[in-house]
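[1] need the 3D shape of this:
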Amino acid sequence: MRLYSLSVLYKGDPKVHLLKAAYDVSTFNFFQRSSVQEFMTFTSQLIAERSALGSRASVKEQEYLCHVYVRNDGLAGVVIADNEYPQRVCFTLLDKVLDEFSRQVNKMDWPSGSPATISYSALDGYLSKYQVQTPGT
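    Residues are numbered from 1 along each chain as shown. Next up, the predicted model:
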């Protein structure tokens with residue numbers, strides 16, 4: 001059971017943009033890592049874009065399960081995990097991250113923010129904390 005990506009996005013007009021993200025691509029071949037990360041960023045944006053405000057969904061994409069939560073204020077979170085990772089845990093993580101993010105990052109910064117301008121450093125910690133260690137890894 002693995003988590004690969006945890007993203008915070010803003011769903012504004014006309015499209016969704018990434019505010020902050022963390023990735024764990026350590027299980028992939030070194031030469032594949034950047035393209036896998038690009039795929040996860042693109043997929044996260046696409047799923048958030050296609051989800052209604054105030055909705056939660058789980059979408060299967062290739063061998064991954066993408067869990068998305070879009071709040072009514074336009075703040076969205078996406079977790080990309082393998083098929084075995086518990087859905088309930090993913091949504092608990094998204095609730096926690098989005099609540100904390102909205103307390104720490106001014107709402108005025110969301111529409112124009114980007115990973116370079118938003119200062120919120122907890123995503124990497126959450127990604128590793130919620131990583132389920134299996135024997136032999």
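[2] so where is the chain shaky, pLDDT-wise?
    Applying pLDDT under 70 to the chain picks out residues 133-137.
[3] quick one, helices of it?
    33-50, 87-104, 123-129 (DSSP state H).
[4] packing partners of the shortest one?
    Translated: helix 123-129. The helices and strands touching helix 123-129, judged by 3 or more CB pairs under 8 Å, 6 or more residues apart in numbering; DSSP states H and E, are strand 3-11, strand 16-23, helix 87-104. For glycine as for every other residue, the C-beta is placed from the backbone atoms N, C-alpha and C.
[5] as JSON lines, the ones you listed with mean neighbour count would be great.
    Below are the helices and strands packed on helix 123-129 laid out as JSON lines (neighbours: other CB atoms under 10 Å):
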{"stretch": "strand 3-11", "mean neighbour count": "25"}
{"stretch": "strand 16-23", "mean neighbour count": "20"}
{"stretch": "helix 87-104", "mean neighbour count": "16"}
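[6] related to what we said a few turns ago, mind putting the helices of the chain in CSV, distance to D13 included?
    Below are the helices of the chain laid out as CSV (distance: least, CB to CB, whole Å):
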stretch, distance to D13
helix 33-50, 11
helix 87-104, 19
helix 123-129, 25
